[in-house]
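Visitor: Sequence first, predicted model second:
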Amino acid sequence: MRPCRVSPVVPSLSAPAPILDSHPGSFVTDTAAGSRLFLSPPHLSGGEAERLTDALQSNWIAPIGPHIDAFEAEFAAAVGSPHAVALSSGTGALHLALIAAGVGSGDEVLVSSLTFSASVNPIRYVGAAPVLVDSERESWNLDPALVEKVLVARAARGRQIKAIIPVHLYGQSADMAALVPLCERFGVTIIEDAAEALGATCHGRHPGVFGRAGIFSFNGNKIITTSGGGMLVTPDESLALHVRKLASQAREPAPHYLHHEIGFNYRLSNLLAAFGRAQLETISARVAARRAHFEAYRSALGDLPGIVFQPEAKWGRHTRWLSALTIDPIAFGADRESVRMSLEAENIESRPVWMPMHRQPVFASCEFIGSGVSDAIFDTGLCLPSGSAMTPDDRSRVIDVVRRLHARER
Ligand SMILES: *Cc1c(COP(=O)(O)O)cnc(C)c1O
C-alpha cells in the first residue's frame, strides 16, 4: 500500500487507503509525499468494499444489523470464546467489562504499568483505584511474582483486590498460567486487555479468553481495524447480555423506553462491522507478515552490540503487532532517541515503547509496585515500522539506517 494524502473529498472505495499516524492522538504528517514509512498503518484486505456495499444496500445503517451479529460470531470463533460483543472501541469495552464485573467506587484494580493509558483510564471512569504493577523480562508483561506480593500483603490486612487487568503487550501474551491460579486463590476477577494481541496464543489458547472478560481493539493502528471499534469476549452469557444492554443505552426489553441502569452509547455500527468481517478474514496472513518483519529485523540487527529484541515467551506465539527492541546506548554507541531521530530524518516513523503509567503525570498519585523492569524497557525501548502491508524494501530502509548509525558511532 502506498502512503497518500488524506483526501478532503469522499474517497472512492477503490482508492488507496489513507494512512493514519499510527498512535492514537497524534497527527498525520505525510511530508515527502509517497515516502513516509509509518509504524503501523491501516491495511485493506480487499474484501471491504463488497461487505460495505452489502451493508449499504440492505439499509442497515445502524448500531444493529446482520453484519454485527456475523462479526460477533466470527470473532468469537476466531478466538475460541463462547460470546463476543462488538463495541465502538477497546476503551469502551474495558469500561463496560469493569462495570459488568461489579468494579466500582472504592475498589482497587491491579494493572500493568507498561501499557497504553487506555488500559488504565476505564478504572478511573468507574471510580476505582488503579494499582500499577511492573513487568517481568520474559514477556515484558505483568510480573506474577509482584502480583502475588500485592495480593498476599492486601490479604494480610484483610483487604481484597477486586480485579486485575493483564495487558498482552505488542502481541505477546502475559503469563496467564501463573496469573490465573493466583487470581483464583485470592478471588480476583481477571479482565484481559488483549487490544494488541489478536492472533496470539498462550498455551494453545487465545489471550483474552482466560478471564471473566477480554477486550480487543480495532483502532486504525491495530492488526485489524474498523477505523475505530472494539470487541468484548466472555465465557459468561449473562455478562455478554448485560454488556450488550449497557452499550445500547441500557434499554430494557420493553416497547416503551425503560431503564434500570445508567447506559452508554457504545455499540459498533453495522457498517463498521461489515468492514471488520473483511479484515478478520485475513488475520493469519497479517500475523505471518508481522512476524516476518520481526524475523528480518532480528536477523539483520540482532548481531549488533546492545540490541535486544522483545523476547517471545515460551508459553505462546507473539504476533509482533509491533517489532520492539531495546538499545543499550553504551554497547550500541547511540541511544534510543538518536536511533529514532535518525529514522525520522529518513522519513521513517518509529516510537519509544509505551511510557509506563507510573511515570505519567495523570497517574502520579497511583500506587506503583515496581522492580525497575518497565523503566529500563521504556528508557531504551523502540518500536520499528511493523505494518502488515510493509514491503521488504521498506524494511531494508529501516535496517540500513540503524546499521549505518551503529557503524558511524562505534
Ligand atoms: C489500542 C489500545 C487500547 C484502546 O483501544 P481503542 O479501541 O483505541 O479504544 C487499550 N489498550 C491497549 C493496550 C491498546 O493498545
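Guide: Arrived safely, thanks for sending. Here the structure is a predicted model, which is why all the values come from computation and not from measurement. Residues are numbered from 1 along each chain as shown.
Visitor: check contacts around the residue in the chain that the ligand sits nearest to.
Guide: For the chain and the ligand, the shortest gap (Cβ to the nearest ligand atom) falls at residue 90, measuring 2.7 Å. For the C-beta atoms, the positions are set from N, CA and C on the backbone; glycine is no exception. Contact analysis of residue 90 by Cβ atoms under 8 Å, 6 or more residues apart in numbering lists 118, 193, 195, 215-219, 230-231.
Visitor: Tell me how far residue 175 lies from residue 229.
Guide: 28 Å (Cβ to Cβ, to the nearest Å).
Visitor: Look at these two and report which has more neighbours.
Guide: Remark: of residue 175 and residue 229, residue 229 carries more neighbours, 29 against 24, as counted by other Cβ atoms under 10 Å.
Visitor: Cross-check the contact I'm expecting between that one and residue 272.
Guide: Yes. Counting by Cβ atoms under 8 Å, residue 272 is a contact partner of residue 229 at 5.3 Å.
Visitor: shared neighbours of these two, which are they?
Guide: residue 218.
Visitor: Go back to the contacts of residue 90 and keep what's next to the ligand.
Guide: Within the set of the contacts of residue 90, contact with the ligand (Cβ under 6 Å from any ligand atom) is found for 118, 193, 195, 217, 219, 230.
Visitor: what residues does the chain put near the ligand?
Guide: 24, 89-91, 115-116, 118-119, 167, 193, 195-196, 217, 219, 230.
Visitor: Among these, name the ones in strands.
Guide: The strands, defined by DSSP state E, take in 193, 217, 230 from the residues of the chain next to the ligand.
Visitor: May I see those organised as JSON lines, with pLDDT and neighbour count added?
Guide: Output for those, formatted as JSON lines (pLDDT from 0 to 100; neighbours: other Cβ atoms under 10 Å):
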{"residue": "193", "pLDDT": "98", "neighbour count": "31"}
{"residue": "217", "pLDDT": "98", "neighbour count": "31"}
{"residue": "230", "pLDDT": "98", "neighbour count": "27"}
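Visitor: which one of the residues you listed is nearest residue 67?
Guide: Nearest to residue 67, judged by Cβ to Cβ, of these is residue 230 at 15.6 Å.
Visitor: Do I have it right that that closest one meets residue 97?
Guide: No. Residue 230 sits out of contact with residue 97 when judged by Cβ under 8 Å, with a separation of 10.3 Å.
Visitor: shared neighbours, those two?
Guide: Common neighbours of residue 230 and residue 97 (Cβ under 8 Å, 6+ apart) are residue 215.
Visitor: Helices of the chain, residue ranges please.
Guide: Assigned by DSSP state H, the chain shows helices spanning 48-58, 66-79, 90-100, 121-125, 144-156, 176-186, 237-247, 270-280, 283-301, 329-332, 336-345, 373-380, 392-409.
Visitor: In a markdown table, list these along with distance to residue 224 and mean pLDDT.
Guide: Shown next, in a markdown table, are these (distance: least, Cβ to Cβ, whole Å; pLDDT from 0 to 100):
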| stretch | distance to residue 224 | mean pLDDT |
| --- | --- | --- |
| helix 48-58 | 11 | 94 |
| helix 66-79 | 10 | 98 |
| helix 90-100 | 12 | 98 |
| helix 121-125 | 22 | 98 |
| helix 144-156 | 29 | 97 |
| helix 176-186 | 22 | 98 |
| helix 237-247 | 20 | 98 |
| helix 270-280 | 4 | 97 |
| helix 283-301 | 6 | 98 |
| helix 329-332 | 34 | 97 |
| helix 336-345 | 26 | 97 |
| helix 373-380 | 26 | 98 |
| helix 392-409 | 20 | 95 |
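Visitor: right, and these - which one's nearest residue 316?
Guide: helix 176-186 (8.7 Å).
Visitor: which residues touch the closest one?
Guide: So helix 176-186 is contacted by 142, 144, 147-148, 151, 155, 160-161, 164, 166, 188-190, 192, 202-203, 207, 210-211, 315 (Cβ under 8 Å, 6+ apart).
Visitor: in that helix, what's buried?
Guide: Across helix 176-186, burial judged by 16 or more other Cβ atoms under 10 Å covers 176, 178-179, 182-183, 186.
Visitor: ok, back up a step: which members of the ones next to the ligand among the contacts of residue 90 define the maximum pairwise distance?
Guide: Greatest spatial distance in the ones next to the ligand among the contacts of residue 90: 193 and 219, 12.9 Å, computed using Cβ to Cβ.
Visitor: Next up, the contacts around residue 146.
Guide: 133-134, 369, 371.
Visitor: try residue 163
Guide: 98, 101, 103, 107, 109-110, 128, 188-191.
Visitor: give me the number of residues near residue 337?
Guide: 13.
Visitor: Ok, residue 309 next?
Guide: Neighbour count of residue 309, defined by other Cβ under 10 Å: 16.
Visitor: Would you confirm that it contacts residue 327?
Guide: No. Using Cβ under 8 Å, residue 309 makes no contact with residue 327, being 10.6 Å away.
Visitor: wait, isn't residue 160 in contact with residue 154?
Guide: Yes. The pair residue 160 and residue 154 qualifies as a contact (Cβ under 8 Å) at a distance of 6.5 Å.
Visitor: Please identify which of the two sits among more neighbours.
Guide: residue 154 (17 against 13).
Visitor: contacting residues around the closest residue to that one other than its chain neighbours?
Guide: Nearest non-adjacent residue to residue 154, counting by Cβ to Cβ, 6 or more residues apart in numbering: residue 161, 5.7 Å away. Contact analysis of residue 161 by Cβ under 8 Å, 6+ apart lists 108-110, 131, 150-151, 154, 186, 188.
Visitor: Which single one of these is nearest to residue 47?
Guide: Nearest to residue 47 out of the contacts of residue 161 is residue 109 (Cβ to Cβ; 38.6 Å).
Visitor: you'd agree the closest one is up against residue 129?
Guide: Yes. Counting by Cβ under 8 Å, residue 129 is a contact partner of residue 109 at 7.1 Å.
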